[in-house]
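Peer 1: following is a predicted model, sequence given first.
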Amino acid sequence: MAPPSEPTDRVRRLALELSDPVPMRRGSVSERTVKCGKPGCACAEDPEARHGPYVSLVRVVGGKTESRWVAPEQAEALRRQVEAGHAFRRKVEVYWEACEEWADAELKPPAASDEEAEKRGSKKRPTGRSRKKSSGS
């Protein structure tokens, strides 16, 4: 078995990008206005008078949706963190693809010279069917 090949420059560059830590989160940012339910409050009748907007982080944990309210002054930082998480996930996908290309290159057989390829000709490939057994056995 041949030793593993060295990572390509692209794989090294992508790995370096992934190793640069930044605050990030999974999920998405949700902004909504709400009705309070108090009798006589204008929010019940007029959509423009609803309370908010309230900002929350929404994400799935263990198959269940979690929502976490965030103070209005923290909303911009939350958006930056969520976008950083999305960017990280995209980078991880690109890294996976580059590593798979590298792995594919490692599996390719060594290239035969044109002369060797001509001498060998084509090989008969198995059809995948088993031979029939004789009825006399």
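Peer 2: Received it, and whenever you're ready, just let me know what you need. Residues are numbered from 1 along each chain as shown.

Peer 1: helix, strand or coil for G52?
Peer 2: G52 carries the three-state label strand when classified by DSSP: H, G, I helix; E, B strand; the rest coil.

Peer 1: tally of neighbours for the nearest residue to V92 once chain neighbours are set aside?
Peer 2: Spatially, and ignoring its direct neighbours in sequence, V92 is nearest to L18 (6.8 Å; Cβ to Cβ, 6 or more residues apart in numbering). Yep, even glycine has a C-beta here, placed from its N, CA and C like the rest. Summarising burial for L18: neighbours were counted as other Cβ atoms under 10 Å, giving 12.

Peer 1: can you tell me which residues contact L18?
Peer 2: F88, K91, V92, Y95 (Cβ atoms under 8 Å, 6 or more residues apart in numbering).

Peer 1: let me know the closest of the residues you listed to E45.
Peer 2: Each of those was scored against E45 by Cβ to Cβ, and F88 proved nearest at 44.3 Å.

Peer 1: could you report the separation of that closest one from A42?
Peer 2: Computed as Cβ to Cβ, to the nearest Å, the F88 to A42 distance reads 43 Å.
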